[in-house]
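S.K.: okay, predicted coordinates and the sequence, questions at the end:
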Amino acid sequence: MIDLELSSISRRIVNELADVSADEEVVVISDPEKVTVGRAITSAARAVDANATLAMMPRLDAHGNEPPATVAAAMQAADVAFTATTHAITHTQSRLAASDAGTRVVVLRGVTEKMLVEGAINTDYEELRRVTGAVRDVLDASKDAHVTSPAGTDIEINLDGSSAFALDGYFHDYGFSAVPGGESPTCPQKTGTAGTVVIDYSMDSIGILDDPIELALEDGTVTDIAGGSEADELRSIVDGAEGHPRNLAEFAIGTNPDARLIGNLAEDKKKSGTVHFAIGDDTSLGGDLQSEIHFDGLVRGPTVTLDGEVIVNEGTLAVDHVTELAAGLRE
């Protein structure tokens, strides 16, 4: 019976956000934990007469791990690929190859049945597109950012030359979209990005934190991971990962007013007025450092200053101010 509850939002995702049309080749990639979500998306795609296939793969160990070769090949062959998986394959070479082949990749990383019927995913997408686009414009034009938070975050971020993106749920020309929508991410420059980031709510592959995780950074690289047992767990994962797992891969601002803090980064990081940082692979965001992981961590109550303008004030996104700044950039 849960399939009936998921049908309405699944149709909206397929029809409105992904713009799937009849006779398109669609592959929906899922794993045993997210098969109900995958099945709902497949049914919605078939309802518009797309040639939709549900492909099951084993649950990956962590966000950023490469999917099996057969899944990677299916993504490249499809017109549209939905990734309804427990762990994100967004920041992988397989996803990049699919996007380069022209596949519209729609990411539903970690999305649960409950998330499909309440919260961030059921928002005003037109308004979300407007606000997220304004944040993207301002972030894209900025040369530096300063971020602080009550938990102790204090970091200077070099954005000179970094491109920003609007992940508002719709598919743009970035090679992928994300559902639920509601963030503007960018890949920081390495030189001059330094300070402290305190992840104080949730961290990929760990969940809701008992104790904050403190990341010390110099020139865009994590030099120390401090905190309690969860910091030890993260350090162990990072030390065992290949590539550049200590790379500061992403800085992003949440824009979705309907997102909640639920301990799942798929929704946590979209909450308006939050920010998140990611470590690991940055190639999906314009960088050139690869890693087998891409882990997001949430910072609550931040104050974000972009080129001297306060964009987020103690956890509140200054929507009107951002909109005015973005309008000025377009003049």
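M.R.: Good, I have the coordinates.

S.K.: so what does the longest helix along the chain touch, helix or strand wise?
M.R.: Longest helix in the chain, counting residues (DSSP state H): helix 125-141. If contacts are counted by 3 or more Cβ pairs under 8 Å, 6 or more residues apart in numbering; DSSP states H and E, helix 125-141 sits against strand 183-186, strand 309-313, helix 319-330. Placement of C-beta: from N, CA and C, glycine included.

S.K.: pick the most buried one from the ones you listed.
M.R.: Highest mean neighbour count of those: strand 183-186, a mean of 26 (counted as mean count of other Cβ atoms under 10 Å).

S.K.: adjacent strands (with direction) for whichever helix or strand comes after the longest helix of the chain?
M.R.: Where DSSP states H and E defines the elements, the next helix or strand beyond helix 125-141 is strand 144-148. Counting by DSSP bridges, the strands paired with strand 144-148 are strand 154-158 (antiparallel), strand 303-306 (antiparallel).

S.K.: tell me which of those sits most buried.
M.R.: strand 303-306 (a mean of 21).

S.K.: chain center to that one: distance?
M.R.: Distance of strand 303-306 from the chain centroid (Cα atoms, centre = their mean, to the nearest Å) equals 20 Å.

S.K.: over to stretch 102-109?
M.R.: The mean C-alpha position of stretch 102-109 is separated from the chain mean by 12 Å, Cα atoms, centre = their mean.

S.K.: start and end of that stretch, how far apart?
M.R.: 20 Å (Cα to Cα, to the nearest Å).

S.K.: and that stretch, average pLDDT?
M.R.: Computed over stretch 102-109, the mean pLDDT rounds to 96.

S.K.: cool, stretch 159-177 as well?
M.R.: Mean predicted lDDT for stretch 159-177 stands at 94.

S.K.: so how far is residue 184 from residue 71?
M.R.: 29 Å (Cβ to Cβ, to the nearest Å).

S.K.: returning to what we had before: looking at the helices and strands packed on helix 125-141, which is nearest to residue 174?
M.R.: strand 183-186 (9.9 Å; Cβ to Cβ).

S.K.: which strands or helices does that closest one pack on?
M.R.: On the basis of 3+ Cβ pairs under 8 Å, 6+ apart, strand 183-186 makes packing contacts with helix 125-141, strand 248-254.

S.K.: pick the most buried one from those.
M.R.: Of these, strand 248-254 is the most buried (mean count of other Cβ under 10 Å), at a mean of 28.

S.K.: that one pairs with which strands, parallel or anti?
M.R.: strand 183-186 (antiparallel), strand 275-280 (antiparallel).

S.K.: possible to save the helices and strands packed on strand 183-186 as TSV with mean pLDDT?
M.R.: Shown next, in TSV, are these (pLDDT from 0 to 100):
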stretch	mean pLDDT
helix 125-141	98
strand 248-254	98
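
S.K.: from the chain's centroid, how far away is the strand or helix carrying residue 116?
M.R.: Using DSSP H and E, residue 116 maps to helix 113-117. Once both centres are worked out by Cα atoms, centre = their mean, helix 113-117 turns out to sit 18 Å from its chain's centre.

S.K.: for that helix, give me every contacting residue.
M.R.: 2, 5-6, 9-10, 36-37, 40, 121, 180, 262, 264, 266-267 (Cβ atoms under 8 Å, 6 or more residues apart in numbering).

S.K.: buried ones in it?
M.R.: Applying a neighbour-count criterion of 16 or more other Cβ atoms under 10 Å, one finds 115, 116 buried in helix 113-117.
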